[in-house]
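**Q** Here is my input, please return the structure:
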Amino acid sequence: MTDHEAISTLIYSYAERLDAGDLEGVADLFAHATLRGDQRQASRRGRDAVLAVYRDTVMLYEGTPCTKHVTTNLIVDVDAAAGTATARSYFTVLQARPELPLQAIIAGRYQDAFARAGSVWQFTDRLILVDLLGDLRFHLRQGSVARLGQRDP
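**A** As a prediction, the model looks like this:
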């Protein structure tokens, strides 16, 4: 697997794990990283802090959030000599529930940084930038929505 492929797999694994309700797996991806949002959101560093924020904010229904995180426009830049890389991508989150017809509920951008530890690439930083907000009532717990810049429903 090339460096580009390994980094792309990390990025896509985040969406896959989150949509499966695997919050432990999501936290594992950020064991050596900082997860950040815009100025309204606190940074989280390391596995335990990331796990806590996902457990506190994401609503699960029989184990899953009933979402599909779609990651597009992925651009990866690798500095193989330094063992570092950056990536930027777009995300769109779709959700459907009995109370909510299928729709896009949020869209934005990821700005990621990575480091190679031996032969394994790891996240070192993820900045989540929200560009568009939809109906998040069935995805994020009360209070979480306000931190994204939208009033609670």
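**Q** quick one: Ala27 is in a helix?
**A** Yes - counting by DSSP: H, G, I helix; E, B strand; the rest coil, Ala27 falls inside a helix.
**Q** any chance you could map the strands in this protein?
**A** 34-36, 44-45, 67-79, 84-97, 100-117, 120-133 (DSSP state E).
**Q** possible to save those strands as a markdown table with distance to Leu140?
**A** For the C-beta atoms, the positions are set from N, CA and C on the backbone; glycine is no exception. Listed next are the strands of the chain as a markdown table, based on distance: least, CB to CB, whole Å:
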| stretch | distance to Leu140 |
| --- | --- |
| strand 34-36 | 15 |
| strand 44-45 | 15 |
| strand 67-79 | 11 |
| strand 84-97 | 10 |
| strand 100-117 | 9 |
| strand 120-133 | 10 |
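**Q** Redo those strands as CSV? Include mean pLDDT, mean neighbour count and distance to Arg17.
**A** Supplementary listing: the strands of the chain in CSV, determined by pLDDT from 0 to 100; neighbours: other CB atoms under 10 Å; distance: least, CB to CB, whole Å:
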stretch, mean pLDDT, mean neighbour count, distance to Arg17
strand 34-36, 91, 19, 14
strand 44-45, 86, 18, 16
strand 67-79, 98, 14, 10
strand 84-97, 98, 18, 14
strand 100-117, 97, 16, 14
strand 120-133, 95, 16, 12
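**Q** So which of those strands is nearest Tyr61?
**A** Nearest to Tyr61, of all the strands of the chain, is strand 84-97, at 7.1 Å by CB to CB.
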